[in-house]
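A.B. asks: Provided below for reference: sequence and predicted model.
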Amino acid sequence: MALEQEQKAALRILEGIEEGTMSAADSFALVDEADPALVYLIFTWLRKRYADHANADAVIGRVLAISNRYTAVTKKMNEGKSDPVVAWFEESYSYKELPKQEFIELIIEKLEG
């Protein structure tokens, strides 16, 4: 059950930023509690997925609003970037190929495993 709750929390972060359903402060509150590797992977997934997307300005704008407003997010991402789970994911998968649900399930299973 804990794994499912972790997946829901991670998906809430991703979708809150992606869909604009949370303020930067609300997103930060969740991001602040999350694993650094998860934060790095979610923010990178959003950047990669929306790099050439019609909604890029909105989604990337929200990513930047959170990371620029809360320096702790940038620090957490820098810490997470060096996590072995990030290296494993980037060697084995493509950010653009995985849909968000599958991406989150995969990452949480690896982090909790």
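C.D. replies: Nice, thanks for sending it over. Numbers count the residues shown, from 1 in each chain.

A.B. asks: check contacts around the residue nearest in space to the middle of the chain.
C.D. replies: Central residue of the chain (CA atoms, centre = their mean): Ile42, 1.5 Å from the mean position. Going by CB atoms under 8 Å, 6 or more residues apart in numbering, Ile42 touches 10, 13-14, 17, 34. For glycine as for every other residue, the C-beta is placed from the backbone atoms N, C-alpha and C.

A.B. asks: specify which member of the residues you listed is nearest to Val63.
C.D. replies: Ile17 (6.2 Å; CB to CB).

A.B. asks: filter the contacts of Ile42 to the buried ones?
C.D. replies: Buried by 16 or more other CB atoms under 10 Å: 10, 13-14, 17, 34, out of the contacts of Ile42.

A.B. asks: among those, name the ones in helices.
C.D. replies: 10, 13-14, 17 (DSSP state H).

A.B. asks: on that earlier part again, any idea which helix or strand carries the residue nearest to the centre of the chain?
C.D. replies: helix 36-49 (DSSP states H and E).

A.B. asks: swap in Lys96?
C.D. replies: Applying DSSP H and E, one finds Lys96 in no helix or strand.

A.B. asks: hmm, it is touching Lys48, no?
C.D. replies: Yes: judged on CB atoms under 8 Å, Lys96 makes contact with Lys48 at a distance of 5.6 Å.

A.B. asks: residues making contact with stretch 90-104?
C.D. replies: 7, 10-11, 14-15, 18, 41, 44-45, 48-49, 106.

A.B. asks: and what of stretch 11-22?
C.D. replies: For stretch 11-22, using CB under 8 Å, 6+ apart, the contacting residues are 26-27, 30-31, 34, 39, 42, 45-46, 50, 58-59, 62-63, 66, 100-101, 104.

A.B. asks: count the neighbours of the closest residue in space to Trp45 that isn't next to it in sequence for me.
C.D. replies: In this structure, Trp45 finds its nearest non-sequential neighbour in Tyr95, 5.0 Å apart by CB to CB, 6 or more residues apart in numbering. Look at Tyr95: counted by other CB atoms under 10 Å, it has 16 neighbours.
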